[in-house]
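> All I have is the shape, not the residue letters:
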């Protein structure tokens, strides 16, 4: 999406914009001529990204019911339009399925799915007549099962079907909705979880990343900027006929036949 006919810049809201993929997306969109509003719970991190990118920081807890309308109102007051939204805010609470409490299920579902639906609902009526673009950020966990991530995986899988529903229902209004599913990406969240692996095995964090990505065809973790590039494309006019898609951005991990790995030399 480029500069509009009236000369105004397109405007995007990015949730979870203080770190990782959200911060990288804000930086890339700003470089590409967008006005960007970033949301998140930690004001100091948002302020840092805002100072580096020119984005507008909106400290807010998106799981609070009133937050979506407040964010949308604030963005419209400053920029006068909304053309895209990136649903990136998320939490993960690892644990055995049998020990994951109702409270933890509700926390993950509220943050990862319900608040995303709430913001999408608040934004969608304010898109231009030509339509707008919604991009959700999930995880390979939305497509492939593993132990200890049942609540997170369910919430992210639900995000995919929610956005496909939006794509179907609002396509006639020109609204597009897509989901990206990153594999292992070097972010604050992944570093926190892999530090336990590093401690368990007595290795460095870099070695833990190497261990985790050994079955990945590209043999490495992704960078936040690589995921941001796909998000920016989905927001752009270059993706104008792309909607209802779920796109793994995972170094080829989702293509692997795990049973065949026994035949690999290294």
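Noted; the coordinates are in hand. Quantities reported herein were computed from a predicted structural model and do not represent experimental measurements.
> Show me which residues of stretch 59-69 are buried.
60, 62, 63, 67, 68 (16 or more other Cβ atoms under 10 Å). Glycine gets a C-beta too; all of them are placed from N, C-alpha and C.
> count of neighbours near residue 197?
Using other Cβ atoms under 10 Å, the number of residues around residue 197 comes to 15.
> ok, now which ones touch it?
208, 211, 212 (Cβ atoms under 8 Å, 6 or more residues apart in numbering).
> which residue ranges form the strands in the stretch 1-150 of the chain?
Listed in chain order, the strands of the stretch 1-150 of the chain (DSSP state E, counting those that start in this stretch) span 11-15, 35-40, 56-59, 84-87, 133-137.
> What is the second one packed up against?
Packed against strand 35-40, as judged by 3 or more Cβ pairs under 8 Å, 6 or more residues apart in numbering; DSSP states H and E, are the following elements: strand 11-15, helix 20-31, helix 43-53, strand 56-59, helix 67-79.
> Would you mind giving the ones you listed as JSON lines with mean pLDDT and distance to residue 244 added?
JSON lines is the format used below for those (pLDDT from 0 to 100; distance: least, Cβ to Cβ, whole Å):
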{"stretch": "strand 11-15", "mean pLDDT": "98", "distance to residue 244": "20"}
{"stretch": "helix 20-31", "mean pLDDT": "97", "distance to residue 244": "21"}
{"stretch": "helix 43-53", "mean pLDDT": "96", "distance to residue 244": "30"}
{"stretch": "strand 56-59", "mean pLDDT": "97", "distance to residue 244": "29"}
{"stretch": "helix 67-79", "mean pLDDT": "96", "distance to residue 244": "23"}
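> from those, which stretch is densest packed?
strand 11-15 (a mean of 28; mean count of other Cβ atoms under 10 Å).
> Most neighbours out of the contacts of residue 197, which is it?
Of all the contacts of residue 197, the most densely surrounded is residue 208 (21 neighbours; neighbours counted as other Cβ under 10 Å).
> what about it, which helix or strand?
helix 205-212 (DSSP states H and E).
> Any stretches of the protein with poor pLDDT?
For the chain, the stretches with pLDDT under 70 are 1-7, 266.
> and the closest residue to residue 40 other than its chain neighbours, what does it touch?
Leaving aside its sequence neighbours, residue 40 sits nearest to residue 18 (Cβ to Cβ, 6 or more residues apart in numbering; 4.1 Å). By Cβ under 8 Å, 6+ apart, the residues touching residue 18 are 38, 40, 42, 45, 46, 48, 49.
> mind putting those in TSV, distance to residue 128 included?
Shown next, in TSV, are the contacts of residue 18 (distance: Cβ to Cβ, whole Å):
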residue	distance to residue 128
38	21
40	26
42	31
45	30
46	26
48	31
49	26
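> and which of those is nearest to residue 151?
Minimum distance to residue 151 across the contacts of residue 18 is 21.1 Å, recorded for residue 40 (Cβ to Cβ).
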